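In: Mind folding the following:
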Amino acid sequence: MTPRPMTRSARSGPTGLPAWLVQRASALYLLLFVVFLLGFFVVHPLHSYAEWKSWVARPAITLALAVFFAALLSHMWVGLRDVLLDYARPAGLQKTLLWLVALGLCACAVSVAWLLAIQHA
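Out: Residues are numbered from 1 along each chain as shown. Take a look at the predicted model:
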């Protein structure tokens, strides 16, 4: 009798190499953006709410922030999904937790999109 290979019980998004690439690409963008922010704020500190609001309202900054949060949320999804698929048992609990994580991350995405959109209103 040959042992069965270990398989994940729920497929939810990219696995294997595509998930690894999402994780690494998002981590790289997050790192580069944080380094940019640190450098920018050292050189050009923002001291008032009006300065912050006008800075965030710039289209390039808004786009960079949107990509930052998309990268952050996708990085979180791949990481949390892998942990839940590897360690959450039984399958019903695993599926419930995956849905809750997905719902929470979608709520975060809607919140960020709304906050970035009101900067241009």
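
In: what about the residue nearest in space to the middle of the chain, distance to residue 53?
Out: In the chain, the residue lying closest to the centroid (Cα atoms, centre = their mean) is residue 73, at 1.5 Å. Distance, residue 73 to residue 53, using Cβ to Cβ, to the nearest Å: 24 Å. C-betas here are computed from N, CA, C, even on glycine.

In: The residue nearest to the centre of the chain touches residue 110, doesn't it?
Out: No. Counting by Cβ atoms under 8 Å, residue 110 is not a contact partner of residue 73; they are 10.8 Å apart.

In: For the protein, give me the ranges with low pLDDT.
Out: Applying pLDDT under 70 to the chain picks out residues 1-12.

In: Please enumerate the strands of it.
Out: For the chain, no strands are identified by DSSP state E.

In: Show me where it has its helices.
Out: With DSSP state H, the ranges of helices along the chain come out as 17-43, 49-56, 59-87, 91-118.

In: Just say which of these is most tucked in.
Out: helix 59-87 (a mean of 16; mean count of other Cβ atoms under 10 Å).

In: Measure how that helix sits relative to helix 91-118, angle-wise.
Out: Going by axes from the mean of the first three to the mean of the last three Cα atoms, to 10 degrees, helix 59-87 is angled at 170 degrees with respect to helix 91-118.

In: Show me how far helix 59-87 is from its chain's centre.
Out: Distance of helix 59-87 from the chain centroid (Cα atoms, centre = their mean, to the nearest Å) equals 1 Å.

In: For residue 117, give its distance to residue 77.
Out: As judged by Cβ to Cβ, residue 117 and residue 77 stand 22 Å apart.

In: An error on my part: the question was meant for residue 89.
Out: 20 Å.

In: Perfect, that will be all.
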